[in-house]
Structure formats: structure tokens, C-alpha cells
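> Give me a model of this one.
(one chain, ligands or ions: 1)
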Amino acid sequence: MLVLRSFMILFFSCITIKINLCFPSIPSSLKTLSIDGHFDFEQVEHAAKDFGNRYSYLPLAVLYPKSVSDIATTVNHVWQIGGGSELKVAARGHGHSLQGQAQAHRGVVINMESLQGLKMQVHTGNFPYVDVSGGELWINILRESLKHGLAPKSWTDYLHLTVGGTLSNAGISGQAFRHGPQISNVYQLEVVTGKGEVVNCSEKQNSDLFYSVLGGLGQFGIITRARISLEPAPEMVKWIRMVYTDFATFTRDQEKLISGQSTFDYVEGFVIINRTGLLNNWRSSFNPQDPLQASQFKSDGRTLFCLELAKYFNHEDMVLVNQEIKTSLSQLNHIPSTMFISEVPYMEFLDRVHISEIKLRSRGLWEVPHPWLNLFIPKSKIHSFAQEVFGNILTDTSSGPILIYPVNKSKWDNRTSVVIPEEDVFYLVAFLSSAVPSSTGNDGLEQILIRNKRILDYCEIAGLGVKQYLPHFSTQGEWKSHFGPHWEAFIRRKSTYDPSAILAPGQRIFQKPIAYS
Ligand code: FAD
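Okay, here's the model as predicted:
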């Protein structure tokens with residue numbers, strides 16, 4: 001019975017008595033299990049928190065597994081108790097979910113980072129890869145693989161997340177247009193299913209489980225080990241930003257950059273609404289190509305679209321790479337005076353968000369509510385979306401960055417569980433808001449949630465075919481609509497790999513994951 005975070009209120013209230021009657025004996029039955037690690041039944045508050053800082057469900061126990069068999073034993077025990085116990089299990093990676101996805105109300109949270117069974121192992125050769133624990137942080141994988149001159153191909157913008165956490169979603173960043181999301185760059189997994197069985201899976205072996213778990217929102221099993229594909233790591237990165245005022249020109253250039261043989265290794269972008277002096281801020285880390293002209297650039301309250309590119313290189317190829325970049329940039333239609341370039345080590349580029357984290361933490365601005373909204377938008381609808389959302393709904397971008405960049409669907413494997421739009425190219429638009437605690441103004445949680453709802457309502461009414469990334473819904477109807485034609489496959493997979501989550505055969509009512517109740 002893997003994770004169930006947000007029950008419908010109605011359902012929740014109906015089972016309260018049952019929970020009260022059943023639960024007191026359950027922690028003691030967990031105490032009888034023979035495991036290498038340990039359970040903590042007292043200090044569990046931290047497992048009721050996440051990065052989103054909006055949802056808090058207190059578990060009954062936190063398991064600190066030392067071995068895969070600890071996880072298997074625990075999940076099997078919960079399976080043996082049966083669906084009627086309502087006991088839920090959630091894997092917790094680094095707890096950077098936004099809406100309680102790694103929490104388990106009165107259930108068992110498995111602290112994946114304490115899983116120590118597997119030492120990271122880098123394999124060199126023609127098809128290099130690294131074997132890692134499901135609770136390993138991506139930053140550690142980067143450090144270890146760099147010792148061998150290698151690195152994973154596909155990233156998230158922030159590396160202090162676990163392998164199990166990002167593979168349960170997709171794992172996307174500016175490299176996804178070329179390599180696909182992180183779930184397209186995994187060769188093999190070891191998974192503890194909802195019955196507590198330890199199963200190896202890959203494209204060739206137990207492939208249905210393999211693809212179920214990838215992008216599976218932690219619903220089909222717990223990833224205890226992953227084999228991640230690697231490539232030769234570059235030494236340095238040319239990191240480039242430039243500005244557009246015309247959305248159509250901006251997206252045309254982005255789409256050109258992700259098609260065919262792109263010179264660049266990373267393509268992202270962001271939106272700037274009603275902010276002044278932003279280009280001056282960049283100067284601390286980026287050099288304007290033409291300092292005089294850049295200093296004269298005025299946004300005049302216009303909405304700006306910033307293209308962000310990166311090109312990897314090694315020192316010995318510097319001259320050639322500079323020439324390639326120059327040629328590629330000459331084909332773009334940004335405002336010439338707004339070109340900013342920086343040159344940083346590869347590690348510094350990939351770990352860039354951590355630097356912001358340190359600054360925000362020092363100002364007490366990291367552990368605030370994060371009402372993020374992440375959307376996948378079909379290419380054909382991105383202009384309508386931008387017109388309404390950047391033109392009408394949002395009046396500024398002071399609550400946090402808004403990322404926008406296209407990816408190629410051909411790089412996503414349609415056998416995985418992740419739900420994406422049907423078109424060949426679709427955009428990620430990520431509203432990464434931070435709410436000012438106890439503010440009732442535009443920067444407060446309530447107002448940001450109202451804005452998010454307006455965006456979602458608009459997408460729904462306009463029939464844009466938008467899909468949520470890192471999704472969270474409260475009703476079965478919403479989940480059904482999210483999965484669309486994939487709903488039946490989801491149900492089948494759930495009943496195969498986590499069957500005790502079904503309340504009654506044929507009823508198709510789930511106790512957990514994502515509020516299928
Ligand atoms: P958790 O929050 O601990 O868990 C997430 C989900 O995965 C839960 O459902 C949990 O039960 C499940 N889970 C965890 N471990 C396992 C496991 N071993 N097996 C099975 N299920 C498991 N995402 C992107 O794609 N691209 C980005 O650029 C990006 N940037 C981010 C930047 C920041 C600052 C933050 C906070 C998040 C960002 N994310 C990004 C989102 C992030 O990928 C997800 O929130 C991810 O789930 C967090 O990983 P975690 O290890 O903290 O997982």
C-alpha cells in the first residue's frame with residue numbers, strides 16, 4: 001500500500017472511527033519485525049513536512065532502513081495486514097515534494113536516504129553507467145561520476161533531490177530536449193512492490209513494472225536501486241542569456257534550438273513581468289557582450305522573455321566552440337544589446353540553484369510556503385496561453401521565477417507512467433512562487449493560490465490540453481481526467497503491483513496514492 005497522501009475530505013471523515021479502532025496495535029506489530037535498521041515512533045514530525053510547506057500529515061512511524069530487505073519486510077508486513085488496516089506507506093526521498101506526496105497520514109514513512117546497502121558504482125566503457133541507491137542525491141552522483149570523467153546526461157535544475165524522488169516524476173531540465181527526461185535515461189531498477197517483493201526490472205526484464213514505476217508518482221513500488229546512463233563530462237560551460245520582447249520570436253528561436261542538430265546542450269527560458277533593473281542583477285555573474293548598450297536597455301514595463309542557453313566544452317576545444325556559438329547565436333533574433341555570457345565549471349553550472357538556496361536560507365526565505373504550479377502545454381496552444389496568462393492574469397513576477405521551455409516528445413517513452421500532452425513538442429511552464437508568510441497581499445499564499453487557480457481554470461475552459469507536472473488532485477474525477485486515455489492502464493498497474501490499495505475487488509476505489517478515493 002504505497003503512499004496515499006490526500007484523501008477526499010468526505011472519505012477521510014468516514015474512516016476516522018475505523019482508523020482509531022485499528023491503529024493502536026499496528027506500531028507494536030512493526031516493532032516485532034526483524035530488520036537491520038530501525039523504526040522511530042517518537043520523532044516523526046520532520047516526515048510531516050516538505051518543501052511545499054503547505055501540507056502536513058503526521059505518520060505513525062518512520063523507518064530508517066539499512067538494507068533493501070528492511071523495506072521489503074516492512075512493505076510485506078503492511079501487505080499481510082491487508083487493505084482493511086488503512087496503513088499507508090510512503091517513500092520519502094529528500095522531502096522536496098510540494099503537496100505532501102512523500103507523506104503518509106498515520107502511516108509509515110520510509111526514509112530512503114538512510115538506505116546504505118549499495119555503494120555507488122561507476123562502470124566505464126562504451127556505455128557507461130552508475131548503479132545507485134534509490135535514496136541517493138543527484139549531487140552525490142555527479143561528484144562520484146565526475147571522478148571518472150563521466151556524468152549523467154539529463155538533470156533537474158536543482159540537484160539536492162533523490163533518484164527515487166525524481167524518477168517517480170520525470171526529472172526535467174534544459175537537457176531534456178536532447179536526452180529526454182531522467183526517466184528516459186535509466187537502464188535498470190530494483191523495486192520493492194506493494195507486496196514486498198524485491199524485483200529487478202528493465203526494458204527487457206519485467207518491463208511492465210519498469211515502465212510503471214518510471215513517472216509512477218511512487219504508486220507501484222519503491223525504487224531501491226537504479227542504473228543510470230552516463231556520458232563523458234565536459235570541463236566547462238558557456239552560459240548565455242538574452243532577452244526578447246516578442247513572445248512569438250522568443251518561442252520560434254527556442255523551437256529552432258531544440259530541433260535537429262542543436263549547437264547547444266541546454267535550452268531553457270524564463271519570463272519577466274514588470275520588473276526593472278533585472279539585467280543589472282545579472283552582471284554579478286554574467287558579462288554583457290556590449291556593456292554600454294546593455295546599460296542603456298530599458299524594459300519600460302514590458303514583459304520580457306529571457307532565453308537561457310548552455311554549451312559544454314573542454315579547454316582544448318575552446319576556439320572551435322567559440323566559433324560554433326558565434327555562428328549559432330547569429331541566427332537568433334534576440335535584442336542584440338541584451339546578450340550576457342558567463343563561463344563556469346560544469347559542476348558550478350549544474351549546482352547553480354544550490355547557490356540561491358544558500359542565499360535564501362540565510363535570509364529565512366527558503367522554508368516558506370511554495371505554491372508551485374508546473375504545467376506541460378502543447379506547442380500549438382502556447383501562444384494563447386501566454387497571451388492570457390502573461391498578458392492578463394499575472395501582473396508581475398516578483399513571487400518567483402517563471403520558467404518556460406520546449407521539449408521534444410520523441411525523447412519521452414510512452415510506456416512510462418508520466419502523463420504528457422499529445423503533441424510532438426510541448427512546453428514546460430513552471431510558476432515557482434514563494435509566499436511571504438502571513439502576507440495578505442499579492443505575495444501572500446492566498447493570492448498566489450487564487451492566481452494559480454485562475455491559470456488552471458483558464459486552461460480548462462479554453463481546452464488547451466494542458467497536463468500538470470508533479471500533479472496533485474483531490475478527487476478521482478480529476479485524476480481520471482489527468483490520466484485521460486491512460487487511466488485504465490494506471491488502474492491495471494496499480495492493482496497488479498499494489499493490490500492491497502484497492503478497497504474492494506471491482507470497486508476500483510483506492511485508499512491511497514493520490515486521492516483515488
Ligand atoms: P520526495 O519529495 O521525497 O518524494 C517525491 C515522490 O516520490 C513521493 O511521491 C515519494 O513517495 C516518491 N518517492 C521518493 N522516493 C522514492 C523511491 N525511492 N521509490 C519510489 N517512490 C519514491 N523537478 C524537475 O523535474 N525539474 C527541476 O528542475 C526541478 N527543480 C526543483 C527545484 C527545487 C528547489 C525543488 C524543491 C524541486 C524541484 N523539482 C524539479 C521537483 C522535484 O523533482 C520533485 O519534487 C521530486 O519529487 C523531489 O525529490 P525528493 O527526493 O525530494 O522526493
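> Quick check: closest non-adjacent residue to Gly174.
Distances taken as Cβ to Cβ, 6 or more residues apart in numbering place Tyr266 nearest to Gly174, at 3.5 Å, with adjacent residues excluded. To be clear about C-beta, it is placed using only N, CA and C from the backbone, and glycine gets the same treatment.
> and the one you found, how many neighbours?
24 (other Cβ atoms under 10 Å).
> And it, its phi and psi?
The phi/psi pair for Tyr266 (degrees, to the nearest 10) reads phi -150, psi 130.
> now swap in Leu30 and tell me
The phi/psi pair for Leu30 (degrees, to the nearest 10) reads phi -70, psi -30.
> That one and Ala61, how far apart?
Here the criterion is Cβ to Cβ, to the nearest Å. By it, Leu30 lies 6 Å from Ala61.
> now swap in Arg275 and tell me
Arg275 is 46 Å from Ala61, by Cβ to Cβ.
> Likewise for Gly135?
17 Å.
> Then Val109?
8 Å.
> Please, where are all the helices along the stretch 251-400 of the chain?
Secondary structure of the stretch 251-400 of the chain (DSSP state H, counting those that start in this stretch): helices at 278-282, 291-296, 318-330, 346-350, 352-362, 382-388.
> For the residue nearest to Gly174, list the residues it contacts.
By Cβ atoms under 8 Å, 6 or more residues apart in numbering, the contact set of Tyr266 is Ser173, Gly174, Gln175, Glu308, Leu309, Ala310, Lys311.
> Can you classify Gln188 as helix, strand or coil?
strand (DSSP: H, G, I helix; E, B strand; the rest coil).
> Number of residues surrounding Leu350?
27.
> Around the ligand, pick out the residues from the stretch 401-517 of the chain.
Neighbours of the ligand within the stretch 401-517 of the chain, by Cβ under 6 Å from any ligand atom: Leu470.
> sorry, back to before: of Gly135 and Ala61, which one has the most company?
Using other Cβ under 10 Å, the more surrounded residue of Gly135 and Ala61 is Gly135, with 27 against 23.
> what's the spacing between the residue nearest to the more buried one when sequence neighbours are not counted and Asn185?
Of all residues not flanking Gly135 in the chain, Met112 sits nearest, at 3.2 Å (Cβ to Cβ, 6+ apart). Distance check for Met112 against Asn185: by Cβ to Cβ, it reads 20 Å.
> and the two? which has more neighbours close in?
Met112 (27 against 23).
> That one and Val89 touch, don't they?
No. At 11.8 Å, Met112 does not count as touching Val89 under the criterion of Cβ atoms under 8 Å.
> Now the common contact residues for these two.
Counting by Cβ under 8 Å, 6+ apart, the shared contacts of Met112 and Val89 are Ile222.
> Measure how buried the closest residue to the ligand within the stretch 401-517 of the chain is and give me the count.
When scored by Cβ to the nearest ligand atom, the stretch 401-517 of the chain has Leu470 as its residue closest to the ligand, at 5.7 Å. Counted with other Cβ under 10 Å, residues neighbouring Leu470 total 17.
> Can you name the residue of the stretch 301-450 of the chain nearest to the ligand?
Val353 (5.8 Å).
> dump the residue contacts of the residue lying farthest from the centre of the chain.
Here the centre of the chain is the reference, and by Cα atoms, centre = their mean the most remote residue is Leu292, at 39.3 Å. Listed by Cβ under 8 Å, 6+ apart, the contact set of Leu292 is empty.
> now it: how far from the ligand?
With distances taken as Cβ to the nearest ligand atom, to the nearest Å, Leu292 is found 35 Å from the ligand.
> quick one: low-confidence ranges for the stretch 151-300 of the chain?
Applying pLDDT under 70 to the stretch 151-300 of the chain flags the ranges 277-278, 280, 283.
> try it again with 80
Scanning the stretch 151-300 of the chain for pLDDT under 80 picks out the ranges 260-262, 275-285, 290, 292-300.
> tell me which parts of it are close to the ligand?
156-158, 161-162, 164-166, 168-173, 217-218, 222-223.
> Which residues are in contact with Glu136?
Residues in contact with Glu136 (Cβ under 8 Å, 6+ apart) are Met120, Thr162, Val163.
> For the residue lying closest to the second one once chain neighbours are set aside, give me its contacts.
So the one you mean is Thr162. Using Cβ to Cβ, 6+ apart and skipping residues adjacent in sequence, the residue nearest Thr162 is Gly93, 3.2 Å away. When contacts are counted by Cβ under 8 Å, 6+ apart, Gly93 is found next to Ala102, Met112, Glu113, Gly134, Gly135, Leu161, Thr162, Val163, Gly164, Gly165, Thr166.
> again, but for Ser56
If you count contacts by Cβ under 8 Å, 6+ apart, Ser56 has them with Ala48, Lys49, Gly100, Gln103.
> Which one of those residues sits in the busiest neighbourhood?
Ranking those using other Cβ under 10 Å puts Gln103 first, with 26 neighbours.
> on that earlier part again, and the residue nearest to Gly174, how far from Thr249?
In terms of Cβ to Cβ, Tyr266 sits 20 Å off from Thr249.
> Of the contacts of Ser56, which belong to helices?
Of the positions in these, not one sits in helices, assigned by DSSP state H.
> In strands only, show me the residues you listed.
Judged by DSSP state E, strands contain none of these.
> can you redo these as TSV with pLDDT and distance to the ligand?
Output for those, formatted as TSV (pLDDT from 0 to 100; distance: Cβ to the nearest ligand atom, whole Å):
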residue	pLDDT	distance to the ligand
Ala48	96	13
Lys49	96	11
Gly100	91	9
Gln103	92	8
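> Including distance to Glu231, could the residues you listed go into a markdown table?
Putting the contacts of Ser56 into a markdown table (distance: Cβ to Cβ, whole Å) gives the following:
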| residue | distance to Glu231 |
| --- | --- |
| Ala48 | 39 |
| Lys49 | 36 |
| Gly100 | 35 |
| Gln103 | 35 |
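> Return the closest of those residues with respect to Thr193.
Gln103 (20.9 Å; Cβ to Cβ).
> For Ser212, see how far away the closest residue to that closest one other than its chain neighbours is.
Nearest residue to Gln103, sequence neighbours excluded (Cβ to Cβ, 6+ apart): Tyr57, at 4.3 Å. Per Cβ to Cβ, Tyr57 is found 25 Å from Ser212.
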